[in-house]
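Trainee: everything below, folded, please.
(chains A, B and C)
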Amino acid sequence: MNIPFRPIVTALLRNRTGALLVAVQIAIALAVLVNAVYIVKQRVDHVGRPTGMDIANMFVVSAAGFAKNFDYPTMLSEDIAYLRNLPGVISASPINSVPLSNGGSSAFTTLKALDPTNRLRVNYFESDAQALDTLGVKLVRGRNFREDEVLPPPKVLFESYNGPIIISKEYAERLFPGGDALGKTVYEPYGAPVTIIGIFDHMIGSWVTDDQPTDIMFLARRPAGPTARYLVRTQPGQRDVVMSKVEAELGARNRSRAINYVRTMEYYKARSYLSDRNMAIYLTTVTTLLLAITSLGIFGLATFNVSTRTKQVGTRRAVGARRLDIITYFLVENWLVTTVGVFVGCIMALGVGQWLSLEYQLPRVDLYYLVGGTLALWFIGLGAAWQPARRASRISPALATRTV
Amino acid sequence: MIGYYFRLALASFRRTPGLTALMVLAVAIGIGVCVMTLTIYHAMSGNPIWWKSDQLYAVTLDNWDPNEPSDKERPSLPPDQLTYRDAEMIWSSDIPKHSVIMFRSGGILSGQNEQAGFDPVQVLTRVTTTDFFSMFEVPFAFGNAWAASADRGPEPIMVLSHETNAKLFGGQNSVGRTIRWNDREFRIVGVLAPWQPQPKFYDLNNGSFDEPEEVYIPWKWGETLRVDTYGNSSCWKPDPINSFEEFMRSECVWIQAWVELPDSSARERMQSMLDAYTDNERKAGRFPRPRNNRLTDVGQWLKDQRVVQSDNRVLVGLAFAFLAVCLINTIGLLLAKFLNGAALSGVRRALGASRRDIFTQHMVEVSAIAVGGAVLGLAFGALGLAGIRALYSITAVGAASANAGYRGLAHMDLSSYVTAVVLAIVATLIAGLYPAWRIGRLAPAVYLKNQ
Amino acid sequence: MLEMHNISKIFRADLIETHALRDFSLTVNAGEFVAVTGPSGSGKTTFLNVAGLLEGFDTGKYQLDGSDVSRLSDDERSRLRNEKIGFIFQGFNLIPDLNIYDNVDVPLRYRRMKAHERDERIKSALDLVGLGSRTKHMPSQLSGGQQQRAAIARALAGDPKFLLADEPTGNLDSLMARQVLDLLEQINEMGTTIIMVTHDIELARRAQRNVHVVDGQISDFKSYETRATEGFAAAAAP
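Mentor: Sure thing, here's the model as predicted:
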C-alpha cells in the first residue's frame, strides 16, 4: 500500500491550527495518563500488602474504668476471660494499641546498653502469651511466651522492660544482618536487656505509612490502663455474631467502666488506607474523563477535516481512490497528529514524573508506562477518527462533477 | 445589538445542537473538576485564624538528643512539643499578652441530665489553661471560660463542646450543672457554640482535620489526677520513668504551647527570654543541642507541619491540566463550528458588517456557551463534592472516622461559588477569543464562491 | 472502445421519479473526439457520471475497452477509473493544499507505482501541457487556464484509454478556453480518445462527432457540420 506520507504532511502543515490544538490535548493527556497510572499502581500495591493478620475475623473492644481507685487489672482479666469463653472465639488478648490504627508506641533497641548512637527504631506491642494467636501471626523460629513470663500491667506509661521479646523477621534482619537473631540479647531504651526468644513471619504495625511498618517487637507484659483495648479473633464467619453479643452483654458485666467502642479490624484497615483508596479512585475518574474529552477533540478535528474536504474526497475517488484509500488517508493524517502529540507528551510525562518523584520521594516512572501510554493514545486516536474516516469513504465520486 | 446577536447565537446553536452540547459539556466538566479540587485545596491550605495568625506563635525549644535531631527528615526543626517543666515556665512569663499550654487526653463522663442517668461515655478532653478560649477566639453559646485562678487551683469546673452538650443535655443551657469526669464531680461553666477550625492548627498531632475535643478542664488537673496524654509523647533520654511525677520532670515532650505577641517588640523580648532560659538550663546539663528556640506564627506552623500533603498538590496540578485540555478542546470545536458557518458570515460581510461586528457576534455566542458551561460546571462541582463526601464516610460501629474533617471540607462556600463562576466564564471567553478573531478576519469573497 | 446499450438511470426522491437517462445507447471508437451536447437538465451530466463509472445505472449494458462493467464492485470501478479514464472537470478540482506536482501525483499513488516511474510520468505530463517550469506552484498561484492544464496533466499522467471532459472551458475566458481546446485537439491527434460534455455549440464544433442529448436520450448522431452542410444543401437544392 503506497501511503502518500509527504503530501499528507504538506497538506497538514497548511492547516496547522486545528491539528496543533489536538496535538497539545494529546500531549497533556499522555503526560497525565502515564503518571496517573503510575500513582494508582503505587497505591494499589501499597494497599494490597499482606497485613500478616487475620483481619477479616478480628474485632477490637475499648473499655475504660472511671471510678476513683478503679481496679484495672481485675477488669482486664475478667473481660479477657469472658471474651475467650464466648462461642466462636478462637482467642482474645489485651494490647496496648491496635495495629493499623495509626496510633501506637515506638521505641528503639540497641546492641550495646545505653548506646547513644545505633538505635534501631521499632514499633512495639505489649500483650500476653495468646497475642500471636489472636492476631493470626505465624511464629517461624523459636517459641512463644509462656504464661508465667507475662508481666502484669506497668504502673506508668514508660516503665522499663526486662524479659523475653518476640520480633518480626524484618527487624531481626535489621538487628543482625545476615546472622541469626534467635537467642540474642539486645537492650531497650533504659538499658535493660531483652532476649529474642522468637521470630515471627510478617505483620504490619501501627502506622501503614511508616518507612518500615513491619519492624515489630512484642513484649510479654499486659498493657497499662486506664483504657483497655481487647483484640478478639473469631472463627471464620462468626465475627458479626460475636460482636453483637459483646455489644449487648459486656457493658452490663461491670458498671464502673464504660465500653467506648466495639469495632472491626476491617474498620481500621479501611481507615488507614482511606486516602490511598480515594486518591486512586479520583485519579482514575479524572484521567478517564480526560481521555474521553481528548478523544472528543480528535473526533471533532477529524469530522471537521472531512467536512471541509468533501469535494477533494470526491475528486480523489473519481481519479481512482478506493474507499479503503480514503479511510487510510484520514487515518494516517490523524495518526501523524497523534504521534506529534505523543512525542511532546512523552517529554511532558517525564517532566511531570520527575516532579512527582520529588513530591512523593518515590522512584521515577518506568519506561514501560510511557510505552503503554503511547500505545493507548494511538489506539484512542484511531478509534476516535474511525467513524469520520468511514463517513469520508462513503462520499460519492459523483461529487466531483457537481458544480455547487 | 447584543440582543440581536443573542438571537443569532441561539439560531446557531439550533443548527448544530450536538456540537454545541458537546462544547458546553466539555467546558462544564473541566470547570466542575477544577472547582471541586480547588475547594478542597483551599480549605486544606486555609488558615482558620487568618485575621490573627501573625500574632499567635507556637513555642518550640530544642531539648533533644545531642546525637540526632528529633525529626530526621527536617533536621533543622526542634521537636514540635515541649516538656512539662518548660511549658509551665512559659505559662509563668508575663511577656506574652496571652499564653496557653495544653495537652489532649480522655476521660469518662457520667452523671445525670433531666431525664435520667446517661450511659458513661468516653470523651476526648483538652487539659488547658484558660487563655485557650480568648487566644483562639473560641465562641461560647452559654457561660464563659474560667478565670486564670481556676487553672492553678485547680477548680473542678469544665467547658463542654457544642456537640457534647447536644448529646447529653439536648442542647439546652447546662451551665451550673454538675457532671462526673472519671468519677469526680465537675461543674459546667461554659458551653461552646459550634466550632471546628480546619485544620486544627493548635494541635496537629493526631489528625490535622479532626474535630476539636469534647470537653475542656483547667490545667492543673493534669498534674493532680495524673492524667495521661492521648496525644503524642516522645522521649529521647534513657532515664527510667517510674511515676507520673518523673514523667513530668523528664525530657519527654508532650505539651503544646502557644503565645500571643501583639507586636515585634514583644516578640523580641519573648525570644530573648527563651534564649536566656535555655542557656541557663544548659549549665545544669539540659539542652545539649545548639540553641534552636523558635516562635512560629500560624501560617508558617502549618507549612512546617506539612498540613497540605503531596496528594493535594498533585490533584491541583491535575485539575489545571484537565481544565487546560477542556479549554483547548473548546477552542478547537469553536473553530470548527465557526469556520463551517463561514459562508453565512461571508454574506453578512458582503452586506456591510465590519470585522468587529462579526467578532462581537461570535463572542456573544462564546459568552452564551461560557454561561451555560459555568452553570452546568457548578452543578458538576457540587456533585463531585458530594462524591468526595461519600468517599470519606466510613460506616463504623459508634466512632467517628479520623478523617471526619474531610467531610466538613467538601462543602462549597459562597466565595468558592463566586470564584468558580468567574473562573468558568473568563476561561471560556479566553478560549473563544481566537476562533472569533479568526472568523472575523476571513475575506468574505472566499466563502461566497460556490466552490 | 466504449459501448453503452440501452442504459437507463432513474433518480428517486420521495414520490418523484426522475428518468435521467432512458434507453440511452452510444458507441465511441478508439481515437474519436466526441462532443456530447444538450440543454441543462438533459441528462448529460448523468451520462458523464455513468460513463466515467462515477455512478451506477439501473438497466442496460456498458462495455468499456472490451469488458462488461455493468455489475462491478466499488473497488473494481475505482481501479478502472484509475487506469482507463482521465477526468477533466469544469471546476478543475485541484487539491488546494498540494502543489501541481503532488496534484498530478494523486492518481498515480493509487496505482501503487514506484517513485521513479511516477516522477517520470508527472514530469512528462506537465511538460506536455506546458507547465514543466511550474511544478512547485500551488493552484492558487496559477491562472484558470493554467489550473485546467494542470488538471489535464493529472488526467494524462496515468496513460488512460480515454479522457472524459466535463465542460472543460466553462470557467475560463475565451483566450484560455482556446488554449485548452488546442491542447485537447493536440492530445487527440496523438491518439487519445476524448469524450467532451458541453452546452457550448461553438465548442462542440471543434469535435469530430456530436451527440445531442435531450430528456435522457440521444436525439441525433450527425455532427453539426454535417447537418449544417445538409441544411445548406437542402436549402441550396431547388
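Trainee: show the subsequent helix or strand relative to the helix or strand where A:Glu249 lies.
Mentor: A:Glu249 is part of helix A:239-253, with elements assigned from DSSP states H and E. Per DSSP H and E, the first helix or strand lying C-terminal to helix A:239-253 is strand A:257-264.
Trainee: does that following strand reach chain B?
Mentor: Yes: for strand A:257-264 and chain B, the contact criterion (CB under 8 Å from any CB of the partner chain) is met by A:257-258, A:260-264. All C-beta spots, glycine's among them, are computed from the backbone N, C-alpha and C.
Trainee: now stretch B:249-258: how far from the chain's centre is it?
Mentor: 26 Å (CA atoms, centre = their mean, to the nearest Å).
Trainee: tell me the contacts of B:Thr83?
Mentor: By CB atoms under 8 Å, 6 or more residues apart in numbering or on different chains, the residues touching B:Thr83 are B:63, B:250-255.
Trainee: now with 10 Å, please.
Mentor: Applying CB atoms under 10 Å, 6 or more residues apart in numbering or on different chains, we find B:Thr83 in contact with B:61, B:63, B:89, B:233, B:235, B:247-255, B:286.
Trainee: closest one of the residues of strand A:257-264 next to chain B to chain C?
Mentor: A:Thr264 (66.9 Å; CB to the nearest CB).
Trainee: give me the nearest residue to the closest one, chain neighbours excluded.
Mentor: Distances taken as CB to CB, 6 or more residues apart in numbering or on different chains place A:Phe59 nearest to A:Thr264, at 4.8 Å, with adjacent residues excluded.
Trainee: can you confirm that neighbour is in a strand?
Mentor: Yes: counting by DSSP: H, G, I helix; E, B strand; the rest coil, A:Phe59 is part of a strand.
Trainee: so it makes contact with A:Lys245?
Mentor: No: between A:Phe59 and A:Lys245 there is no contact under CB atoms under 10 Å: 11.2 Å.
Trainee: between those two, who's got more neighbours?
Mentor: A:Phe59 (24 against 15; other CB atoms under 10 Å in any protein chain shown).
Trainee: show the contacting residues for the more buried one.
Mentor: Counting by CB under 10 Å, 6+ apart, A:Phe59 has contacts A:92, A:230-234, A:239-240, A:242-243, A:246, A:261-268, B:397.
Trainee: one more pass at 7 Å, please.
Mentor: Contact analysis of A:Phe59 by CB atoms under 7 Å, 6 or more residues apart in numbering or on different chains lists A:232, A:239, A:243, A:262-265.
Trainee: who's it bridged to?
Mentor: A:Val232, A:Thr264 (DSSP bridges).
Trainee: how much space between it and A:Arg271?
Mentor: 14 Å (CB to CB, to the nearest Å).
Trainee: cool, B:Asn63 as well?
Mentor: 33 Å.
Trainee: who has more neighbours out of these two?
Mentor: B:Asn63 (26 against 20).
Trainee: circling back to that earlier point, and the contacts of B:Thr83, which are buried?
Mentor: Among these, those buried by neighbour count (16 or more other CB atoms under 10 Å in any protein chain shown) are B:61, B:63, B:89, B:233, B:235, B:247-248, B:250-255, B:286.
Trainee: which of these fall within helices?
Mentor: B:89, B:247-248 (DSSP state H).
Trainee: now tabulate those residues in CSV and tack on pLDDT and distance to chain A.
Mentor: Output for those, formatted as CSV (pLDDT from 0 to 100; distance: CB to the nearest CB, whole Å):
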residue, pLDDT, distance to chain A
B:Met89, 95, 23
B:Phe247, 89, 7
B:Met248, 92, 11
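Trainee: which of those residues lies closest to chain C?
Mentor: Relative to chain C, the closest of these is B:Met89; by CB to the nearest CB it sits at 82.5 Å.
Trainee: and the gap between the residue nearest to the closest one when sequence neighbours are not counted and B:Pro288?
Mentor: The shortest distance from B:Met89 to any non-neighbouring residue, by CB to CB, 6+ apart, is to B:Tyr277 (6.4 Å). Counting by CB to CB, the gap from B:Tyr277 to B:Pro288 is 15 Å.
Trainee: with A:Pro397 instead?
Mentor: From A:Pro397 to B:Pro288 the distance is 92 Å (CB to CB).
Trainee: which one's more surrounded, these two?
Mentor: A:Pro397 (25 against 14).
Trainee: how about the nearest residue to that one, chain neighbours excluded?
Mentor: A:Pro397 sits nearest to A:Arg317 (CB to CB, 6+ apart), 3.7 Å away.
Trainee: that's a helix at that neighbour, yeah?
Mentor: Yes: using three-state DSSP, the assignment for A:Arg317 is a helix.
Trainee: does it touch A:Ala398 like I think?
Mentor: No: using CB atoms under 7 Å, A:Arg317 makes no contact with A:Ala398, being 8.8 Å away.
Trainee: show me where chain C has strands.
Mentor: C:2-13, C:16-28, C:33-37, C:59-64, C:67-68, C:85-88, C:162-166, C:193-197, C:209-214, C:217-220 (DSSP state E).
Trainee: the stretch 151-300 of chain A now?
Mentor: A:164-168, A:185-187, A:193-200, A:216-220, A:227-234, A:257-264 (DSSP state E, counting those that start in this stretch).
Trainee: quick revisit: adding distance to C:Leu53, write the ones in helices among the buried ones among the contacts of B:Thr83 out as a markdown table.
Mentor: Shown next, in a markdown table, are those (distance: CB to CB, whole Å):
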| residue | distance to C:Leu53 |
| --- | --- |
| B:Met89 | 102 |
| B:Phe247 | 100 |
| B:Met248 | 102 |
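Trainee: out of those, which comes closest to A:Val34?
Mentor: Nearest to A:Val34 out of those is B:Phe247 (CB to CB; 51.9 Å).
Trainee: hmm, the closest one is touching B:Ile241, no?
Mentor: Yes: counting by CB under 7 Å, B:Ile241 is a contact partner of B:Phe247 at 5.2 Å.
Trainee: give me the common contacts of these two.
Mentor: In contact with both B:Phe247 and B:Ile241: A:Val156, using CB under 7 Å, 6+ apart.
Trainee: any idea how far the residue nearest to A:Thr264 lies from C:Thr192?
Mentor: For A:Phe59 relative to C:Thr192 (CB to CB), the value is 94 Å.
Trainee: now swap in A:Leu375 and tell me
Mentor: 50 Å.
Trainee: more neighbours, these two?
Mentor: Higher neighbour count among A:Leu375 and C:Thr192: C:Thr192, with 20 against 11, using other CB under 10 Å.
Trainee: so what's the more buried one closest to, chain neighbours aside?
Mentor: With sequence-adjacent residues excluded and distances taken as CB to CB, 6+ apart, C:Thr192 is closest to C:Leu163, at 6.0 Å.
Trainee: who touches the one you found in this structure?
Mentor: C:86, C:88, C:155, C:192, C:194 are the contacts of C:Leu163 under CB under 7 Å, 6+ apart.
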